[in-house]
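A.B. asks: this one's structure only:
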(Lines give C-alpha, C1' and ligand atoms only; values in the text may rest on other atoms or scores of the structure.)
Protein backbone atom coordinates (compact mmCIF):
# COMPACT_ATOMS: atom_id res chain seq x y z
CA UNK A 1 0.00 0.00 0.00
CA UNK A 2 1.31 3.44 -0.88
CA UNK A 3 1.43 6.22 1.74
CA UNK A 4 -1.50 8.61 2.08
CA UNK A 5 -1.56 12.21 3.21
CA UNK A 6 -0.80 12.58 6.89
CA UNK A 7 1.18 9.33 7.13
CA UNK A 8 4.62 10.52 6.04
CA UNK A 9 7.75 10.02 8.14
CA UNK A 10 9.64 12.98 9.54
CA UNK A 11 12.85 14.09 7.88
CA UNK A 12 14.86 12.93 10.90
CA UNK A 13 13.52 9.39 10.39
CA UNK A 14 15.30 9.13 7.04
CA UNK A 15 18.82 8.79 8.42
CA UNK A 16 19.00 5.05 7.94
CA UNK A 17 16.85 4.42 4.87
CA UNK A 18 17.93 1.79 2.38
CA UNK A 19 16.72 1.33 -1.17
CA UNK A 20 16.93 -2.44 -1.10
CA UNK A 21 16.62 -2.62 -4.88
CA UNK A 22 18.51 -3.91 -7.88
CA UNK A 23 20.01 -0.65 -9.08
CA UNK A 24 20.29 2.95 -7.96
CA UNK A 25 19.13 4.32 -11.30
CA UNK A 26 16.01 2.20 -11.68
CA UNK A 27 13.03 4.54 -12.03
CA UNK A 28 10.57 2.29 -10.21
CA UNK A 29 10.27 2.72 -6.44
CA UNK A 30 12.33 0.12 -4.57
CA UNK A 31 11.37 -1.66 -1.34
CA UNK A 32 10.14 0.79 1.29
CA UNK A 33 11.24 3.76 -0.79
CA UNK A 34 7.74 5.18 -1.14
CA UNK A 35 7.70 6.03 2.57
CA UNK A 36 11.05 7.78 2.20
CA UNK A 37 9.88 9.67 -0.89
CA UNK A 38 6.78 10.91 0.92
CA UNK A 39 8.85 13.10 3.23
CA UNK A 40 10.57 14.79 0.27
CA UNK A 41 7.47 15.40 -1.84
CA UNK A 42 6.17 18.95 -2.38
CA UNK A 43 2.79 19.58 -0.79
CA UNK A 44 1.43 22.27 -3.11
CA UNK A 45 1.67 23.27 -6.77
CA UNK A 46 3.77 26.28 -5.78
CA UNK A 47 6.39 23.96 -4.26
CA UNK A 48 6.48 21.71 -7.32
CA UNK A 49 9.62 22.08 -9.42
CA UNK A 50 9.46 21.45 -13.17
CA UNK A 51 6.51 20.30 -15.31
CA UNK A 52 5.63 23.97 -15.84
CA UNK A 53 2.94 23.41 -18.46
CA UNK A 54 1.21 20.65 -16.49
CA UNK A 55 1.40 22.71 -13.31
CA UNK A 56 -0.24 25.73 -14.97
CA UNK A 57 -2.97 23.64 -16.61
CA UNK A 58 -3.73 21.76 -13.42
CA UNK A 59 -3.80 24.98 -11.42
CA UNK A 60 -6.55 26.32 -13.68
CA UNK A 61 -8.57 23.10 -13.39
CA UNK A 62 -8.40 23.11 -9.59
CA UNK A 63 -9.01 26.84 -9.15
CA UNK A 64 -12.06 26.71 -11.40
CA UNK A 65 -13.45 23.74 -9.46
CA UNK A 66 -12.95 25.53 -6.15
CA UNK A 67 -14.73 28.57 -7.56
CA UNK A 68 -17.72 26.44 -8.53
CA UNK A 69 -17.69 24.61 -5.23
CA UNK A 70 -17.56 21.25 -7.00
CA UNK A 71 -15.13 18.37 -7.42
CA UNK A 72 -12.68 18.83 -10.32
CA UNK A 73 -12.87 16.66 -13.40
CA UNK A 74 -11.20 13.26 -13.33
CA UNK A 75 -7.46 13.52 -14.01
CA UNK A 76 -5.20 11.09 -15.87
CA UNK A 77 -1.46 11.36 -15.24
CA UNK A 78 0.69 9.57 -17.80
CA UNK A 79 4.45 9.25 -18.10
CA UNK A 80 7.48 7.15 -17.19
CA UNK A 81 7.97 6.10 -13.56
CA UNK A 82 9.61 8.45 -11.08
CA UNK A 83 8.42 11.76 -12.57
CA UNK A 84 5.87 12.69 -9.90
CA UNK A 85 2.49 11.16 -10.69
CA UNK A 86 1.86 10.14 -7.08
CA UNK A 87 3.10 13.54 -5.91
CA UNK A 88 0.63 15.32 -8.19
CA UNK A 89 -2.22 13.16 -6.90
CA UNK A 90 -1.36 14.16 -3.34
CA UNK A 91 -1.12 17.80 -4.38
CA UNK A 92 -4.56 17.66 -6.02
CA UNK A 93 -6.09 16.37 -2.80
CA UNK A 94 -4.24 18.96 -0.71
CA UNK A 95 -5.20 21.84 -3.01
CA UNK A 96 -8.87 20.79 -2.86
CA UNK A 97 -8.75 20.24 0.90
CA UNK A 98 -10.03 16.71 0.38
CA UNK A 99 -8.98 13.30 1.75
CA UNK A 100 -6.88 11.12 -0.55
CA UNK A 101 -7.86 7.48 -0.93
CA UNK A 102 -5.15 5.33 -2.48
CA UNK A 103 -5.38 2.06 -4.39
CA UNK A 104 -3.82 0.48 -7.48
CA UNK A 105 -4.95 -1.30 -10.61
CA UNK A 106 -3.41 -4.70 -9.73
CA UNK A 107 -5.27 -4.66 -6.39
CA UNK A 108 -8.65 -4.49 -8.15
CA UNK A 109 -9.19 -7.90 -9.69
CA UNK A 110 -12.98 -8.07 -9.42
CA UNK A 111 -15.84 -5.63 -9.87
CA UNK A 112 -16.73 -6.23 -6.22
CA UNK A 113 -13.33 -4.88 -5.14
CA UNK A 114 -14.01 -1.62 -6.94
CA UNK A 115 -17.59 -1.42 -5.63
CA UNK A 116 -16.30 -1.75 -2.07
CA UNK A 117 -13.84 1.10 -2.58
CA UNK A 118 -16.35 3.39 -4.29
CA UNK A 119 -19.04 2.78 -1.69
CA UNK A 120 -16.70 4.06 1.01
CA UNK A 121 -16.07 7.43 -0.66
CA UNK A 122 -17.48 10.68 0.66
CA UNK A 123 -18.43 13.69 -1.45
CA UNK A 124 -15.37 15.52 -2.75
CA UNK A 125 -12.89 12.70 -2.00
CA UNK A 126 -9.94 12.18 -4.32
CA UNK A 127 -9.37 8.55 -5.32
CA UNK A 128 -5.86 7.86 -6.61
CA UNK A 129 -5.46 4.69 -8.66
CA UNK A 130 -1.87 3.89 -9.56
CA UNK A 131 -1.13 1.62 -12.54
CA UNK A 132 -4.72 2.02 -13.66
CA UNK A 133 -3.97 0.19 -16.91
CA UNK A 134 -3.58 -3.06 -14.93
CA UNK A 135 -7.13 -3.09 -13.56
CA UNK A 136 -9.30 -6.10 -14.48
CA UNK A 137 -11.77 -5.72 -17.34
CA UNK A 138 -14.97 -6.26 -15.25
CA UNK A 139 -13.86 -3.59 -12.77
CA UNK A 140 -12.91 -1.30 -15.64
CA UNK A 141 -16.40 -1.53 -17.11
CA UNK A 142 -17.92 -0.73 -13.73
CA UNK A 143 -15.63 2.28 -13.44
CA UNK A 144 -17.05 3.78 -16.66
CA UNK A 145 -20.45 4.30 -15.06
CA UNK A 146 -18.97 5.45 -11.76
CA UNK A 147 -16.90 8.16 -13.42
CA UNK A 148 -19.69 9.41 -15.66
CA UNK A 149 -22.91 8.96 -13.69
CA UNK A 150 -21.57 8.48 -10.13
CA UNK A 151 -23.47 5.24 -9.92
CA UNK A 152 -22.66 1.55 -10.14
CA UNK A 153 -24.87 -1.50 -10.54
CA UNK A 154 -24.06 -4.22 -8.01
CA UNK A 155 -25.17 -7.66 -9.20
CA UNK A 156 -26.66 -9.83 -6.47
CA UNK A 157 -27.16 -13.55 -7.04
CA UNK A 158 -26.28 -15.78 -9.97
CA UNK A 159 -27.96 -17.12 -13.05
CA UNK A 160 -31.55 -16.23 -14.02
CA UNK A 161 -32.29 -14.98 -10.51
CA UNK A 162 -29.49 -12.39 -10.48
CA UNK A 163 -30.58 -8.79 -10.00
CA UNK A 164 -28.71 -5.51 -10.38
CA UNK A 165 -29.01 -3.10 -7.49
CA UNK A 166 -28.10 0.53 -8.34
CA UNK A 167 -25.68 2.10 -5.87
CA UNK A 168 -25.39 5.88 -5.84
CA UNK A 169 -21.88 7.29 -5.30
CA UNK A 170 -21.20 10.83 -4.07
CA UNK A 171 -19.29 13.03 -6.57
CA UNK A 172 -15.57 12.31 -6.37
CA UNK A 173 -12.43 12.90 -8.41
CA UNK A 174 -10.52 9.96 -9.83
CA UNK A 175 -6.81 10.53 -10.40
CA UNK A 176 -5.43 7.71 -12.51
CA UNK A 177 -1.71 7.17 -13.05
CA UNK A 178 -0.20 5.06 -15.79
CA UNK A 179 3.21 4.45 -17.30
CA UNK A 180 1.58 2.89 -20.39
CA UNK A 181 -1.24 5.11 -21.56
CA UNK A 182 -1.54 3.11 -24.78
CA UNK A 183 -2.91 0.15 -22.82
CA UNK A 184 -5.89 2.15 -21.58
CA UNK A 185 -9.04 1.49 -23.65
CA UNK A 186 -10.51 4.54 -25.39
CA UNK A 187 -13.75 4.52 -23.34
CA UNK A 188 -11.73 4.89 -20.15
CA UNK A 189 -9.37 7.56 -21.52
CA UNK A 190 -12.32 9.59 -22.81
CA UNK A 191 -13.88 9.82 -19.36
CA UNK A 192 -10.97 11.79 -17.95
CA UNK A 193 -11.60 15.53 -18.16
CA UNK A 194 -7.92 16.40 -18.01
CA UNK A 195 -4.92 14.37 -19.16
CA UNK A 196 -1.38 15.38 -18.21
CA UNK A 197 1.68 13.91 -19.87
CA UNK A 198 4.71 14.24 -17.59
CA UNK A 199 8.06 14.80 -19.30
CA UNK A 200 11.62 14.11 -18.20
CA UNK A 201 13.31 16.92 -16.25
CA UNK A 202 16.30 18.90 -17.44
CA UNK A 203 19.50 19.22 -15.39
CA UNK A 204 18.67 22.70 -14.07
CA UNK A 205 15.35 21.49 -12.67
CA UNK A 206 16.98 18.44 -11.12
CA UNK A 207 19.59 20.63 -9.46
CA UNK A 208 16.81 22.62 -7.78
CA UNK A 209 15.21 19.36 -6.64
CA UNK A 210 18.51 18.11 -5.21
CA UNK A 211 19.02 21.38 -3.30
CA UNK A 212 15.47 21.22 -1.92
CA UNK A 213 15.82 17.59 -0.85
CA UNK A 214 19.19 18.30 0.73
CA UNK A 215 17.61 21.04 2.86
CA UNK A 216 14.89 18.66 4.00
CA UNK A 217 17.49 16.00 4.80
CA UNK A 218 19.56 18.65 6.62
CA UNK A 219 22.58 18.05 4.40
CA UNK A 220 24.96 20.78 3.23
CA UNK A 221 25.56 20.52 -0.51
CA UNK A 222 27.46 22.79 -2.87
CA UNK A 223 26.21 23.94 -6.25
CA UNK A 224 28.72 21.77 -8.11
CA UNK A 225 27.85 18.78 -5.91
CA UNK A 226 24.16 19.16 -6.77
CA UNK A 227 25.03 19.56 -10.45
CA UNK A 228 27.07 16.35 -10.39
CA UNK A 229 24.16 14.38 -8.93
CA UNK A 230 21.62 15.97 -11.29
CA UNK A 231 23.69 15.18 -14.38
CA UNK A 232 23.58 11.45 -13.57
CA UNK A 233 19.88 11.26 -12.66
CA UNK A 234 18.44 10.31 -16.10
CA UNK A 235 16.03 13.23 -15.99
CA UNK A 236 14.11 11.61 -13.11
CA UNK A 237 13.54 13.21 -9.66
CA UNK A 238 13.17 9.83 -7.95
CA UNK A 239 16.64 8.86 -9.12
CA UNK A 240 18.17 12.21 -8.13
CA UNK A 241 16.76 11.86 -4.60
CA UNK A 242 18.01 8.29 -4.38
CA UNK A 243 21.50 9.26 -5.52
CA UNK A 244 21.49 12.17 -3.07
CA UNK A 245 20.80 9.82 -0.17
CA UNK A 246 23.62 7.52 -1.16
CA UNK A 247 26.04 10.43 -1.61
CA UNK A 248 24.89 11.72 1.78
CA UNK A 249 25.84 8.37 3.33
CA UNK A 250 29.28 8.47 1.70
CA UNK A 251 29.93 12.05 2.80
CA UNK A 252 28.76 11.33 6.35
CA UNK A 253 31.06 8.33 6.76
CA UNK A 254 34.13 9.42 4.82
CA UNK A 255 34.32 13.22 4.60
CA UNK A 256 32.53 14.93 7.46
CA UNK A 257 29.03 15.20 6.01
CA UNK A 258 29.18 18.12 3.55
CA UNK A 259 28.73 17.27 -0.13
CA UNK A 260 31.07 18.84 -2.67
CA UNK A 261 31.65 17.67 -6.23
CA UNK A 262 34.57 15.52 -5.07
CA UNK A 263 32.36 13.59 -2.63
CA UNK A 264 29.59 13.24 -5.20
CA UNK A 265 31.95 11.88 -7.87
CA UNK A 266 33.64 9.48 -5.45
CA UNK A 267 30.34 8.18 -4.06
CA UNK A 268 28.77 7.63 -7.46
CA UNK A 269 31.91 5.91 -8.69
CA UNK A 270 31.64 3.57 -5.71
CA UNK A 271 28.01 2.85 -6.57
CA UNK A 272 28.96 2.31 -10.26
CA UNK A 273 26.94 5.20 -11.72
CA UNK A 274 29.02 6.84 -14.44
CA UNK A 275 29.09 10.40 -15.79
CA UNK A 276 26.08 9.85 -18.06
CA UNK A 277 23.98 7.98 -15.50
CA UNK A 278 24.72 4.47 -16.78
CA UNK A 279 25.07 1.80 -14.10
CA UNK A 280 26.56 -1.68 -14.06
CA UNK A 281 23.62 -3.28 -15.88
CA UNK A 282 23.57 -0.63 -18.61
CA UNK A 283 27.27 -0.99 -19.28
CA UNK A 284 27.02 -4.79 -19.19
CA UNK A 285 24.33 -4.67 -21.89
CA UNK A 286 26.40 -2.35 -24.08
CA UNK A 287 29.59 -4.32 -23.48
CA UNK A 288 27.92 -7.60 -24.41
CA UNK A 289 26.37 -6.04 -27.49
CA UNK A 290 29.62 -4.48 -28.71
CA UNK A 291 32.41 -6.72 -27.43
CA UNK A 292 30.72 -10.11 -27.83
CA UNK A 293 28.32 -9.62 -30.71
CA UNK A 294 30.06 -7.00 -32.82
CA UNK A 295 27.38 -4.40 -32.23
CA UNK A 296 24.43 -6.58 -33.17
CA UNK A 297 21.76 -7.15 -34.19
CA UNK A 298 21.13 -9.42 -31.20
CA UNK A 299 17.86 -10.86 -29.90
CA UNK A 300 16.62 -9.80 -26.48
CA UNK A 301 16.79 -13.33 -25.08
CA UNK A 302 20.40 -13.79 -26.17
CA UNK A 303 21.35 -10.40 -24.75
CA UNK A 304 19.70 -11.20 -21.42
CA UNK A 305 21.57 -14.50 -21.13
CA UNK A 306 24.84 -12.75 -21.95
CA UNK A 307 24.47 -10.33 -19.04
CA UNK A 308 22.98 -12.88 -16.64
CA UNK A 309 19.63 -11.14 -16.21
CA UNK A 310 15.99 -11.86 -16.98
CA UNK A 311 14.55 -10.66 -20.30
CA UNK A 312 12.13 -8.38 -18.44
CA UNK A 313 14.96 -6.74 -16.49
CA UNK A 314 16.91 -5.89 -19.63
CA UNK A 315 13.82 -4.74 -21.51
CA UNK A 316 12.16 -2.71 -18.75
CA UNK A 317 15.08 -1.46 -16.63
CA UNK A 318 18.05 -0.97 -18.96
CA UNK A 319 16.67 -0.51 -22.47
CA UNK A 320 14.39 2.54 -22.03
CA UNK A 321 17.25 4.82 -20.98
CA UNK A 322 19.74 3.33 -23.44
CA UNK A 323 17.34 3.85 -26.35
CA UNK A 324 16.32 7.35 -25.21
CA UNK A 325 19.98 8.37 -24.83
CA UNK A 326 20.98 7.02 -28.25
CA UNK A 327 23.18 4.14 -27.08
CA UNK A 328 20.99 1.35 -28.43
CA UNK A 329 18.45 0.91 -31.20
CA UNK A 330 15.69 -1.65 -31.58
CA UNK A 331 15.37 -3.08 -35.08
CA UNK A 332 13.25 -5.89 -36.57
CA UNK A 333 16.32 -8.14 -36.44
CA UNK A 334 17.28 -7.33 -32.83
CA UNK A 335 19.15 -4.82 -30.67
CA UNK A 336 21.92 -2.78 -32.30
CA UNK A 337 24.60 -0.63 -30.66
CA UNK A 338 24.98 2.91 -31.97
CA UNK A 339 28.17 4.85 -32.60
CA UNK A 340 27.60 6.62 -29.27
CA UNK A 341 27.73 3.29 -27.44
CA UNK A 342 31.05 2.32 -29.03
CA UNK A 343 32.55 5.70 -28.13
CA UNK A 344 31.28 5.58 -24.56
CA UNK A 345 32.89 2.17 -24.01
CA UNK A 346 36.10 3.30 -25.69
CA UNK A 347 35.89 0.45 -28.20
CA UNK A 348 36.61 0.49 -31.93
CA UNK A 349 33.72 -0.75 -34.09
CA UNK A 350 34.32 -3.18 -36.98
CA UNK A 351 35.65 -1.53 -40.12
CA UNK A 352 32.88 -0.04 -42.25
CA UNK A 353 30.21 -0.63 -39.62
CA UNK A 354 26.96 1.24 -40.18
CA UNK A 355 24.68 2.51 -37.43
CA UNK A 356 21.02 3.49 -37.26
CA UNK A 357 20.38 7.21 -37.69
CA UNK A 358 19.86 9.07 -34.45
CA UNK A 359 16.50 10.49 -35.52
CA UNK A 360 15.14 7.64 -37.57
CA UNK A 361 17.11 8.62 -40.67
CA UNK A 362 19.45 6.48 -42.75
CA UNK A 363 22.36 4.58 -41.29
CA UNK A 364 25.56 6.54 -40.77
CA UNK A 365 29.16 5.38 -40.88
CA UNK A 366 31.19 5.57 -37.69
CA UNK A 367 33.66 8.45 -37.77
CA UNK A 368 36.71 8.05 -35.58
CA UNK A 369 37.66 10.93 -33.33
CA UNK A 370 40.88 12.61 -34.47
CA UNK A 371 43.99 11.66 -32.52
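C.D. replies: All right, it came through fine. Keep in mind it's a predicted model, so treat the numbers as computed, not measured. Numbers count the residues shown, from 1 in each chain.

A.B. asks: okay, now residue 116: neighbour count?
C.D. replies: Around residue 116 there are 12 other residues, counting by other Cβ atoms under 10 Å. Placement of C-beta: from N, CA and C, glycine included.

A.B. asks: and for residue 165?
C.D. replies: 10.

A.B. asks: can you check residue 72 too?
C.D. replies: The number of residues packed near residue 72 is 23, by other Cβ under 10 Å.

A.B. asks: sec struct for it, please.
C.D. replies: Following DSSP: H, G, I helix; E, B strand; the rest coil, residue 72 is assigned to coil.

A.B. asks: contact partners for it?
C.D. replies: When contacts are counted by Cβ atoms under 8 Å, 6 or more residues apart in numbering, residue 72 is found next to 61-62, 64-65, 92, 96, 173, 193-194.

A.B. asks: and residue 105, by the same measure?
C.D. replies: Residue 105 makes contacts with 129-135, as judged by Cβ under 8 Å, 6+ apart.

A.B. asks: picking that back up, for the contacts of residue 72, give me CSV that also has distance to residue 280 and secondary structure.
C.D. replies: Shown next, in CSV, are the contacts of residue 72 (distance: Cβ to Cβ, whole Å; DSSP: H, G, I helix; E, B strand; the rest coil):
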residue, distance to residue 280, secondary structure
61, 42, helix
62, 43, helix
64, 48, helix
65, 47, helix
92, 38, helix
96, 43, helix
173, 42, strand
193, 44, coil
194, 40, strand
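
A.B. asks: show me what the helix or strand harbouring residue 228 is packed against.
C.D. replies: Secondary-structure assignment from DSSP states H and E places residue 228 in helix 223-231. Helix 223-231 sits against helix 203-216, helix 237-254, helix 261-270, with contacts defined as 3 or more Cβ pairs under 8 Å, 6 or more residues apart in numbering; DSSP states H and E.

A.B. asks: quick check: buried residues in the longest one?
C.D. replies: By neighbour count, with 16 or more other Cβ atoms under 10 Å as the criterion, the buried positions of helix 237-254 are 237-251.

A.B. asks: between these, which sits nearest residue 121?
C.D. replies: For these, the residue nearest residue 121 by Cβ to Cβ is residue 238; the value is 28.8 Å.

A.B. asks: wait, that closest one sits on residue 85?
C.D. replies: No: with contacts counted by Cβ atoms under 8 Å, residue 238 stays clear of residue 85, the gap being 10.6 Å.

A.B. asks: could you dump the helices and strands packed on helix 223-231 to a markdown table with mean pLDDT and distance to residue 70?
C.D. replies: As requested, the helices and strands packed on helix 223-231 are arranged in a markdown table below (pLDDT from 0 to 100; distance: least, Cβ to Cβ, whole Å):
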| stretch | mean pLDDT | distance to residue 70 |
| --- | --- | --- |
| helix 203-216 | 91 | 33 |
| helix 237-254 | 89 | 32 |
| helix 261-270 | 89 | 48 |
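
A.B. asks: out of those, which is closest to residue 114?
C.D. replies: Evaluated with Cβ to Cβ, those place helix 237-254 nearest to residue 114, the distance being 28.2 Å.
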